[in-house]
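A.B. asks: structure here, sequence nowhere to be found:
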């Protein structure tokens, strides 16, 4: 059973919930309904039905009556609960598509009518894919805008006309400032994963984007948590929003982890973790698996090690070009690889069906990161398994996470790759060793998935060089990149990036010129020096 709460954002907030909207929401969730029971365009209902999507999840059933009536909404729900369609269906329902009766009466047909802002590239791609699927039968054109791709295709698509834009803050601002993206006709704005945008430093960019849209727009904000800065943003830019929180029966506000996820925590030795990981990956009933690391270097190293041991693994991190990152995600979604090793930032927003296991190879930095990581499994009503390795040096960090989330695991059990309880708790066959047997190596692997040409420059095959020239000191990152040094260094140092990652200074200038390759090292100035002899100038012939 789902509990509906419509409250002020906090005791100081001035958000007044609309009582009629609350009653409509309660009525919508009193009995199980299908999407056809709501006031939704039949073509949207039909498009979803073609993919077997007919019954809304709780957050969708609660959100739809309020959003369809045009009210501003603050939706708060745990990750993996299906909120994309909760805002996506009302957004698409409000769009006037080509062929609709009101198309000719539009003041600027082909200009974006709806905007969804996401903190990361991967989440933007996922949201756009869901919107395209739901709006396909209506002919609604959806464009995804984010860094790491060339500007020109995105600009060309905007010139041809789109109804919906989904993008990350940095590239949205770039195109708007260049005059290619006109947001003055937007009727609906969605801010997805607002708390992540706060964590990544994007709220000032989000405010700039909101200022480009009409004041009469409908605004929907979705966030797993509601920190003060997000509350302040809602108070400034939303009109009497209805605050909807979807929680399962018996869950309180402090219960942030999904009950459907079985959580295991082991105190592991650094030299034994790869061996433990290899054996866990042979557990019975294991499907797609995401392995998390804190650093890009560790992600690359673990993926290579697993590949050498016979597993179909791929890495996704900031030292890869956008083409290689999307190649890895496509291979993971299609099952060509079944193990994705990812850094926290690169994996934000990844929504892949049938992820059965999440493994924290390195202990998360804090409780919020832990919740985001394990939320990649146990999604949409399914069950999942989360395993966390805690090094001896990370015990203090785990103590804080355990206390904040009240997990009841204050002292993880010391565990090795040969420990009996590891095999028993994770249902690993006793004959499993640290290498996948040849007979079980049946997946095609990463090389079976081609790298798409995204217009990137300065990278071989879409991959960022793992080194390069010195290129100067590290500094503030590019708009859409991860941390890296200026020029070809691509190391761990650098400043905060604009789109959920950290990037080299060179990436910013390249992104603005339609490229995303590595920058050139500073050129030495040519100086004309006079030859002297005994302190006096010489002539050319001397």
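C.D. replies: Yep, it's here. This structure is a prediction, so every number in the text was calculated from the model and none was measured.
A.B. asks: need the longest helix for the protein.
C.D. replies: Taking DSSP state H as the criterion, the chain has its longest helix at helix 121-135.
A.B. asks: residues of that one that come out buried?
C.D. replies: 121-128, 130-135 (16 or more other CB atoms under 10 Å). Every residue, glycine included, has its C-beta placed from N, CA and C.
A.B. asks: what's the answer for stretch 288-301, then?
C.D. replies: Result for stretch 288-301 [16+ other CB under 10 Å]: buried residues 288-294, 296, 298-300.
A.B. asks: other SSEs contacting the longest helix of the chain?
C.D. replies: helix 42-49, helix 83-94, strand 114-117, strand 142-145, strand 164-167, helix 322-333 (3 or more CB pairs under 8 Å, 6 or more residues apart in numbering; DSSP states H and E).
A.B. asks: of the ones you listed, which stretch is the most buried?
C.D. replies: Mean neighbours per residue, mean count of other CB atoms under 10 Å, is largest over these for strand 164-167, with a mean of 28.
A.B. asks: need the residues that contact that strand.
C.D. replies: Contact with strand 164-167 is made by 91-92, 95, 112-118, 124, 127-128, 131, 135, 140-146, 172, 181, as judged by CB atoms under 8 Å, 6 or more residues apart in numbering.
A.B. asks: if we use 6 Å, what do you get?
C.D. replies: Taking contacts as CB atoms under 6 Å, 6 or more residues apart in numbering, the residues outside strand 164-167 that touch it are 112, 114-116, 124, 127-128, 131, 142-146.
A.B. asks: max pairwise distance over these: which two?
C.D. replies: Largest separation among those by CB to CB: 114 and 146, giving 16.9 Å.
A.B. asks: what's the mean pLDDT across stretch 155-166?
C.D. replies: In this model, stretch 155-166 has a mean pLDDT of 96.
A.B. asks: list the buried residues in it.
C.D. replies: Neighbour-count burial for stretch 155-166 [16+ other CB under 10 Å]: 155, 157-158, 162-166.
A.B. asks: JSON lines please, covering those and showing distance to residue 321.
C.D. replies: Formatted as JSON lines, the buried residues of stretch 155-166 follow (distance: CB to CB, whole Å):
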{"residue": "155", "distance to residue 321": "21"}
{"residue": "157", "distance to residue 321": "21"}
{"residue": "158", "distance to residue 321": "24"}
{"residue": "162", "distance to residue 321": "25"}
{"residue": "163", "distance to residue 321": "30"}
{"residue": "164", "distance to residue 321": "27"}
{"residue": "165", "distance to residue 321": "24"}
{"residue": "166", "distance to residue 321": "21"}
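A.B. asks: so residue 75: helix, strand or coil?
C.D. replies: For residue 75, the secondary structure call by DSSP: H, G, I helix; E, B strand; the rest coil comes out as strand.
A.B. asks: just checking, it touches residue 242?
C.D. replies: No: in this structure, residue 75 is not within contact of residue 242 by CB atoms under 6 Å, at 9.2 Å.
A.B. asks: strands along the stretch 151-300 of the chain, start to end?
C.D. replies: 164-167, 188-191, 218-222, 242-248, 261-267, 288-293 (DSSP state E, counting those that start in this stretch).
A.B. asks: would you single out the least confident of those?
C.D. replies: Sorting these by mean pLDDT places strand 242-248 lowest, at a mean of 75.
A.B. asks: can I get the buried residues of helix 121-135 in a markdown table including pLDDT and distance to residue 213?
C.D. replies: Output for these, formatted as a markdown table (pLDDT from 0 to 100; distance: CB to CB, whole Å):
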| residue | pLDDT | distance to residue 213 |
| --- | --- | --- |
| 121 | 86 | 22 |
| 122 | 84 | 24 |
| 123 | 88 | 20 |
| 124 | 92 | 18 |
| 125 | 89 | 22 |
| 126 | 88 | 23 |
| 127 | 93 | 18 |
| 128 | 95 | 19 |
| 130 | 93 | 22 |
| 131 | 96 | 18 |
| 132 | 95 | 22 |
| 133 | 94 | 25 |
| 134 | 95 | 22 |
| 135 | 95 | 20 |
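A.B. asks: in the stretch 151-300 of the chain, where is pLDDT below threshold?
C.D. replies: Across the stretch 151-300 of the chain, the ranges flagged by pLDDT under 70 are 247-258.
A.B. asks: got the contact list for stretch 378-389?
C.D. replies: Contacts for stretch 378-389 (CB under 6 Å, 6+ apart): 80, 82, 258, 260-266, 268, 273, 356-361, 374, 377.
A.B. asks: quick revisit: so can I have CSV of the strands of the stretch 151-300 of the chain showing distance to residue 418?
C.D. replies: Shown next, in CSV, are the strands of the stretch 151-300 of the chain (distance: least, CB to CB, whole Å):
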stretch, distance to residue 418
strand 164-167, 48
strand 188-191, 49
strand 218-222, 45
strand 242-248, 38
strand 261-267, 13
strand 288-293, 21
